[in-house]
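[1] Just need the structure, nothing else, for what follows:
(chains A, B and C)
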Amino acid sequence: MARIQFKHITKTYAGGAPAVDTLNLEIKDREFLVLLGPSGCGKSTTLNMIAGLEDPTSGELWFDDLDVTYLPPHKRDVAMVFQSYALYPHKNVYENIAFGLRMRKVANDEIERRVRDAARKLEIEHLLERKPGQLSGGQRQRVALGRAMVREPAVFLMDEPLSNLDAALRVSMRAEIKHLHAAMGTTFVYVTHDQAEALTLADRIVVMQNGVVQQIGTPDEIYERPANIFVASFLGSPPINYLHGKLKQNGDHVSFVNDNVRFALDASTIARIGSRPEKVVLGIRPEDVQITTAGGNVIEGLVDSVLPVGSDRFLGLKINGSDFFIRVGKEARFAEGERIAFSPVPERVHVFDGDSGKNIAGAS
Amino acid sequence: MATSSSTARRNRAIGQNLRAAGLALASIVFLIYVLAPVSWLISSSLQQEAALTSVPPQWVPEEPHLDNFRAIFSAGEEEKVTYETRREADTASGGFIPSTAKNLLPAMGNSFIVSIAVVILNLIVAVPAAYAIAKIRFYGRSASIYGILITRVIPDIALIVPFFLFIRNLGLLDTLTSLVITYLAVTVPFSVFILVSYFEQLPDELDKAARVDGCSRIQTMTKVFLPLAAPSLVALSLFAFLTSWNEFLLALMFTQTAASQTLPIIVASFTSDFTISFSFINAAGVLAIIPPVILAIVFQRYIVSGMTAGAVKG
Amino acid sequence: MSSVSLGKSPIPKKQWLSHDDTSAFFLLLPVAAVLFAVAVFPIIYSFYISLFDLKLTRPHRVPFVGLDNYLTVFADPHFWDAVLRTVTFSVTSVIAISVIALLVALLLNEDFPGRKFLSAVLLIPWAIPYVANALMWKWIYDSNYGALNGILYQLDFIDRYMVWLGDSEKTLMLIANAFVWKEVPLAAILLLVTMKSIPADLYSAAKVDGANGLRRFFHVTLPALKPGFMLVILYESMMAIRHFDLFFILTEGGPADASHVVAWRIYVETFRNLSFGTGAAMSYILAIATLALSYVVIRSLGKKV
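    I've put the predicted structure just below:
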């Protein structure tokens, strides 16, 4: 229930490069925003600034029409779930959940109602008398969620809350968090380094690196039209493949050329390309290829490894020495050492500027 | 190198027996090293003066008795020491109890009052400081902790001159207050140090959770960190108490009469008086030892756990 | 709940000091006040006094003498004798403490029944007051009836009772023995805590590499104990240099100056000769020496306190 605005926010620690560099971001009311990036990119710092746990070095932070830049955390209507859950070890589960409400002087019967309600929704009613030390990781995580839920805050913050859970639990918890967001109708800001998590949960994603925002967009936008090489590499598993080379003009035709590959780009791809830099990088996702026969406008490679992953099958290719991963059907059978040929799906080819890394085949 | 398994097993058994024997021997040596002097002190306090002054001495008292202790506890009610009684009493055969004996128990009381006061003040002063240093990134943080610790590098001897003049000018000579004040200088830095070490091992996210839940900095300290710091607080109290109870030099400077003299001073005064019976002095020594040793043994597990937080699950 | 700010107070503008800084200030205020009054101020005041020829025997005439007091002290050969005795005492004590504490720590590091009992016993010397320690040893060392004489006599090491504390050759070492006895527990605990933090994997790796017990001790345990030893040496030498209580009760600096260490000298100068100026100067010299010593040890430690 709050719109959050970052206006030229910068956060620098003594004697270092900025942890967050000139961030301009508007988080819409009720949206689920994910801050995504590798460790050290500034996403947790940004989250801490929303909570008030850290003050920005310069810039302004607004909640709706209120300038909250220097407001201390206990005066903000924000709830937070931490990676290590941070439950109070000396209090039982009930008191852990109730603590925030007690600090805000909510009436006892209201506290009782909300705590029991949340406990029921999270299926931890039977744990209310226990202490955190007696709970499993998954249970503690739910208590942490409960603690934040009962506050019915204007903003719900989550700092990598699922990182300490095992894989199966993580997937089911993602669904629960999504339901929670729908039910609560509150603004959610979520930090993670897991791109799959980001793609699953977010209404919009902010990709950050070294304190600088790389791209803001919906999961589709970020995945389909990455703004630069970093964003393209960060999303997608297995990661996108790159071919470094040049563009060659041949009348109406444009080809991509490097030492090993010569490949003519088709008309739709050419139409998307904005500029013609000296060096380009071609980006092709493993799933965006089709196996064909040799000859014609194809890329050829040698099968180096076969990687079945249960639901799918990938091939690691060597294209004259460099690695390239492609996805093939689950039933497809290839042998190591085999020569195969494939062509990328034209609409899905990404072209990046060889120097700046920017996406030059972007548009819309 | 082919050894049959039974040889290997035999070797292993021999090794284990050797180890057990070695440990037993080392333990005995250790126990003798620590307990022998103390046992002798206790044993001497239970003997008559005549038995005590035999050559060689009686290691275990043949007729142990508590006369010396009785003398201490009833010293206040003794009749005046007259010329006659003094001549009768002879350090070699009887027991000469000094008139200052009656100060022993009140001195113990003084020690106790001072120590408790110092503990309470330490808690009040050190806890907020330690929380701030451990959890708040403020300007001047490392300077603070270094500054606090540096004050203890200066030896107490170096402080006696200014302390003496300072206390005298305030008219506080010969009061318990002077001791409480000066003992703070001795105890607070270490208290802050162990509390900071302990707090630093408590997760930062706990602090963040509390602040987001609605606690100001001070509330975070009282509602979350204080309860969790219990072992460290016990360790702190123990150290502050023992340091105050055992302190000698400053008490020597500032106290002149029985009104404010603490236990170490009274006990020390006995040792410098050659006419006092040894068994009595030793009894006084035993009395001085008992409270701190009991405290140390009762709270021993906090000594180490008060400094290392270990795994605090949350 | 449409408001995102709680409480009625106005939204703070950019302040010179943040909420954190202000809170920190108030939280540290008590400690700062206490330590300033009872530590910082006396230290400065002490230096101030050392610049005057303050004798309580004639308290009304207090001329300013600048650094003369220091020069007087440095020029006095008795002072340097005292320094030598202090150094002898300290070095001997620290070495003895380190060795004995290491043995004790090794013993208590092993797991065997009765270890808890031994750990409790270990605390006894640490807990007792220095005066009790002093009188206990004074009684043991007594020339006429002491236990030391008694044991040696019974075991036929000597054929008649000897003078111990009164013998100027033996005095310093006897006092050192009493000091070491009391200091070993704390040193042992420090070493034990360090020992316990040595990862078990290091020993496993050494075993697999073929190192026997003794080798493991020299190549794994001892190197890992280095920070513990540094701490013990630093702390114990600081304690030894400034130690007073035993010297007061056991020998009062005697016999014939045999145990007249710097700490004792300061006491005598200040409270018996009543020369506060020179006493202060001497204590300042001791303080600076202690600071220098700690600096040197910490520097070679290489990590912060």
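
[2] Flag every residue of chain A that's near chain B.
    Contact residues (CB under 8 Å from any CB of the partner chain) of chain A with chain B: A:48, A:51-53, A:72-74, A:76, A:78-80, A:82-90, A:99-100, A:103-104, A:132-133, A:147, A:151, A:157. (Glycine included, C-beta is placed from N, CA and C.)

[3] Mind checking which of those residues land in helices?
    If you go by DSSP state H, those have A:48, A:51, A:99-100, A:103, A:147 in helices.

[4] Name the residues of stretch B:259-272 that are buried.
    For stretch B:259-272, burial by neighbour count (16 or more other CB atoms under 10 Å in any protein chain shown) applies to B:260-271.

[5] contact partners of it?
    B:98, B:100, B:103-104, B:107-108, B:110-111, B:114, B:174-176, B:178-179, B:245-248, B:251-252, B:254-255, B:258, B:276, B:280-281, B:284-285, B:288, C:129-132, C:134-135, C:138, C:248-249, C:252 (CB atoms under 8 Å, 6 or more residues apart in numbering or on different chains).

[6] Show the average pLDDT along stretch A:99-107.
    Averaged across stretch A:99-107, pLDDT comes to 90.

[7] Can you give me the buried ones in it?
    Neighbour-count burial for stretch A:99-107, counted by 16+ other CB under 10 Å, picks out A:99-101, A:103, A:106.

[8] Turn those into TSV, including distance to B:Thr222.
    Listed next are the buried residues of stretch A:99-107 as TSV, based on distance: CB to CB, whole Å:
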residue	distance to B:Thr222
A:Phe99	13
A:Gly100	16
A:Leu101	18
A:Met103	12
A:Val106	20
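
[9] Just give me the closest of these to chain C.
    Chain C lies nearest to A:Met103 out of these, by CB to the nearest CB, at 10.0 Å.

[10] Need the nearest residue in space to that closest one, chain neighbours excluded.
    Distances taken as CB to CB, 6 or more residues apart in numbering or on different chains place B:Gly214 nearest to A:Met103, at 3.3 Å, with adjacent residues excluded.

[11] Give me the phi and psi angles of the one you found.
    Backbone torsions of B:Gly214, given as degrees, to the nearest 10, read phi 120, psi 10.

[12] wait, what's in contact with the residue nearest the centre of chain C?
    Compute the mean C-alpha point of chain C, and by CA atoms, centre = their mean the closest residue is C:Met239, 1.4 Å away. Contact analysis of C:Met239 by CB under 8 Å, 6+ apart lists C:Glu183.

[13] check which helix or strand covers it.
    Here C:Met239, judged by DSSP states H and E, is contained in helix C:226-242.

[14] What mean pLDDT does that helix get?
    87.

[15] next one: stretch B:14-23
    Average pLDDT, stretch B:14-23: 84.

[16] Pull out the buried positions in it.
    For stretch B:14-23, burial by neighbour count (16+ other CB under 10 Å) applies to B:Leu23.

[17] Could you check that stretch against chain C for contacts?
    Yes - for stretch B:14-23, a contact with chain C is found by CB under 8 Å from any CB, at B:20, B:23.

[18] Name the surrounding residues that touch that stretch.
    If you take CB under 8 Å, 6+ apart as the criterion, stretch B:14-23 is touched by C:107, C:110, C:112.

[19] coming back round to it: generate a ChimeraX selection restricted to the buried entries among the contacts of stretch B:259-272.
    Buried residues among these (16+ other CB under 10 Å), as a ChimeraX selection:
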select /B:98,100,103,104,107,108,110,111,114,174,175,176,178,179,245,246,247,248,251,252,254,255,258,276,280,281,284,285,288 /C:129,130,131,132,134,135,138,248,249
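
[20] Excluding its own residues, what touches stretch C:114-121? List them.
    Stretch C:114-121 has contacts (CB under 8 Å, 6+ apart) with B:27, B:30-31, B:34-35, B:297, B:300, C:107-108.

[21] Name the residues of it that are buried.
    C:118-119, C:121.

[22] Of the residues of chain A next to chain B, keep whichever come out buried.
    Neighbour-count burial (16+ other CB under 10 Å) applied to the residues of chain A next to chain B gives A:48, A:51-53, A:72-74, A:76, A:78-80, A:82-90, A:99-100, A:103, A:132, A:147, A:151, A:157.

[23] need the helices for the stretch 251-364 of chain A, in chain order.
    Using DSSP state H, counting those that start in this stretch, the helices of the stretch 251-364 of chain A run over A:267-272.

[24] Model confidence for the closest residue to C:Phe276 other than its chain neighbours, exactly?
    Excluding its sequence neighbours, the residue lying closest to C:Phe276 (CB to CB, 6+ apart) is C:Leu54, at 4.3 Å. Reported pLDDT at C:Leu54 in the predicted model: 80.

[25] average pLDDT for the lengthiest helix in chain C?
    If you go by DSSP H, chain C has its longest helix at helix C:77-109. Across helix C:77-109, the average pLDDT comes to 92.

[26] With stretch B:157-164 instead?
    80.

[27] That one and chain C, any residue contact?
    Yes - judged by CB under 8 Å from any CB, stretch B:157-164 and chain C are in contact via B:157-164.

[28] Just the buried residues of the longest helix of chain C, please?
    Within helix C:77-109, the residues scored as buried using 16+ other CB under 10 Å are C:79, C:82-83, C:85-86, C:89-90, C:92-94, C:96-98, C:100-108.

[29] Please list all residues in contact with B:Val234.
    When contacts are counted by CB under 8 Å, 6+ apart, B:Val234 touches B:299, B:302, B:306.

[30] swap in A:Ser163?
    With CB under 8 Å, 6+ apart, A:Ser163 has these contacts: A:83, A:192-194.

[31] In strands, which of those residues appear?
    When DSSP state E is applied, the contacts of A:Ser163 are split such that A:Thr192 fall in strands.

[32] which among the contacts of A:Ser163 gets closest to chain B?
    Distance to chain B across the contacts of A:Ser163 (CB to the nearest CB) is lowest for A:Gln83, with 7.5 Å.

[33] Report pLDDT for B:Arg10.
    pLDDT, B:Arg10: 83.

[34] Helix or strand for it, just tell me which one.
    Element membership for B:Arg10, per DSSP H and E: helix B:5-45.

[35] for A:Gly245, same thing?
    Counting by DSSP H and E, A:Gly245 is found in strand A:241-250.

[36] and A:Val306, how many neighbours?
    Using other CB atoms under 10 Å in any protein chain shown, A:Val306 is surrounded by 16 other residues.

[37] Show the contacting residues for it.
    Going by CB under 8 Å, 6+ apart, A:Val306 touches A:313-316, A:334-336.

[38] Just those: which are in strands?
    Short answer: these in strands (DSSP E) are A:313-316.

[39] For the closest residue to chain A within the stretch 201-314 of chain B, give me its contacts.
    Closest contact between the stretch 201-314 of chain B and chain A, by CB to the nearest CB, is at B:Gly214 (3.3 Å). Listed by CB under 8 Å, 6+ apart, the contact set of B:Gly214 reads A:74, A:100, A:103-104, C:6.

[40] Just flag the most distant two among these.
    Across those, the longest distance by CB to CB is 11.3 Å; it joins A:Gly100 and C:Leu6.

[41] re earlier: also near chain B: which of the buried residues of helix C:77-109, exactly?
    Contacts with chain B within the buried residues of helix C:77-109, as defined by CB under 8 Å from any CB: C:100, C:103-104, C:107.
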